[in-house]
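> sequence? don't have it. structure:
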């Protein structure tokens with residue numbers, strides 16, 4: 001009998017890649033999408049359009065993790081073997097502006113799913129995966145960060161995700177549920193939302209290359225991040241769910257770079273020569289003609305800056321036999337190729 005998976009957040013970057021992966025592994029995949037006045041299924045539409053995928057293998061349902069009844073109804077109706085909670089208000093800066101909504105979706109959302117599994121008496125049948133984040137570590141600059149590193153979230157997003165992390169552990173211990181956390185460091189792809197810094201840089205630099213934009217405005221150029229490819233990271237999610245006993249894992253590449261260096265790599269790929277000058281908020285990058293290509297803007301600084309995130313995924317490498325397949329250079333190349341094709345279309 002085929003396994004059934006239920007993905008909350010299927011229309012996001014990770015959800016779309018995970019759906020593809022599970023379909024290849026012969027799952028029946030159920031995805032949850034929120035009702036919207038505009039079409040929000042762009043990342044998964046190609047799955048429907050693939051003539052090799054039978055429609056009954058990928059099924060979308062309306063629902064929302066901020067709605068207990070819809071969550072409980074879906075889990076009772078589908079009775080999935082695996083539930084992946086990838087749904088969230090996932091933008092750190094936005095969480096400062098919408099802290100209550102972020103808590104409702106990111107913290108209580110996880111609780112609603114866990115309680116729905118328990119309420120429907122599926123503790124022995126249904127496995128649960130909670131999508132965690134490196135933002136749990138926040139202001140703890142001890143590096144690298146692993147499963148034993150102390151959490152110190154520095155945003156409403158990070159705090160909400162910390163609740164989700166611990167409530168997952170609580171239900172695992174209290175009700176003997178298969179409930180696990182993946183503490184995923186930054187992971188990108190051509191499907192990354194345009195408000196996230198990597199995609200923002202890629203889109204702006206491609207447009208600058210084609211003379212469709214003049215300047216890219218950024219915040220903290222010296223934030224250090226551990227960036228991987230979303231495809232590699234969703235594979236880790238699946239591997240975590242195949243264990244005999246539930247556990248929590250840091251998933252990361254173990255390599256780190258600054259936002260500024262990310263810009264430099266993108267510029268090099270596009271053949272844009274940059275010269276940096278100034279410091280702090282006045283730091284900027286000029287091209288060979290003296291035009292300002294990159295500048296800083298206070299609007300893009302967070303109330304609390306997280307400067308240093310670097311993951312130690314040795315546990316995942318040892319137990320899951322997982323390791324990233326895509327390096328940062330190849331990730332950037334892929335994102336540029338897709339973006340240039342969109343702009344030129």
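Nice, thanks for sending it over. Small disclaimer: the values here were computed from a predicted structure and weren't measured.
> Scan the chain for its longest helix.
Longest helix of the chain, by residue count under DSSP state H: helix 156-175.
> What pairs with whatever helix or strand comes next after that one, parallel or antiparallel?
The first helix or strand that comes after helix 156-175 along the chain, using DSSP states H and E, is strand 179-184. Here strand 179-184 is paired, per DSSP bridges, with strand 127-133 (parallel), strand 249-251 (parallel).
> now the longest one: mean pLDDT?
Think strand 127-133. Here strand 127-133 scores 98 as its mean pLDDT.
> before we move on, what about the last one?
Averaging pLDDT along strand 249-251 yields 98.
> Distance from the chain centre to it, please.
13 Å (Cα atoms, centre = their mean, to the nearest Å).
> thinking again about what came up before, looking at the strands paired with strand 179-184, which is buried most?
Burial of the strands paired with strand 179-184 is given as mean neighbour count (mean count of other Cβ atoms under 10 Å); strand 249-251 ranks first at a mean of 27. Every residue, glycine included, has its C-beta placed from N, CA and C.
> Pull the residues that contact that strand.
Under the criterion Cβ atoms under 8 Å, 6 or more residues apart in numbering, residues 145-147, 180-185, 228, 233, 236-237, 240, 311-313, 315-316, 319-320, 322 lie in contact with strand 249-251.
> right, and the helix or strand after it?
strand 257-258.
> if we can go back for a sec, looking at the strands paired with strand 179-184, which is closest to residue 118?
strand 127-133 (10.1 Å; Cβ to Cβ).
> returning to what we had before: of the contacts of strand 249-251, buried ones?
Among the contacts of strand 249-251, those buried by neighbour count (16 or more other Cβ atoms under 10 Å) are 145-146, 180-185, 228, 233, 236-237, 240, 311-313, 315-316, 320, 322.
> Out of those, list just those in helices.
Per DSSP H, these map to helices at 233, 236-237, 240, 315.
> for those, which one is nearest residue 35?
Out of these, the member with the shortest distance to residue 35 (by Cβ to Cβ) is residue 237, at 25.8 Å.
> Based on its surroundings, how many neighbours for residue 274?
Number of residues near residue 274 (other Cβ atoms under 10 Å) recorded here: 18.
> swap in residue 120?
Residue 120: 16 neighbours (other Cβ under 10 Å).
> what do you get for residue 283?
Residue 283: 16 neighbours (other Cβ under 10 Å).
> hang on, it packs against residue 221?
Yes: counting by Cβ atoms under 8 Å, residue 283 does reach residue 221; the two are 6.3 Å apart.
> Common neighbours of these two, please.
Here residue 283 and residue 221 have residue 296 as joint contacts, going by Cβ under 8 Å, 6+ apart.
> still on that earlier bit, for the strands paired with strand 179-184, could you give me a markdown table that also reports distance to residue 173?
Below are the strands paired with strand 179-184 laid out as a markdown table (distance: least, Cβ to Cβ, whole Å):
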| stretch | distance to residue 173 |
| --- | --- |
| strand 127-133 | 13 |
| strand 249-251 | 17 |
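> so which of these comes closest to residue 334?
strand 249-251 (19.3 Å).
> Buried residues of stretch 132-139, list them for me.
In stretch 132-139, counting by 16+ other Cβ under 10 Å, buried: 132-138.
> Out of those residues, name the ones that lie in strands.
Among the buried residues of stretch 132-139, the members falling in strands (DSSP state E) are 132-133.
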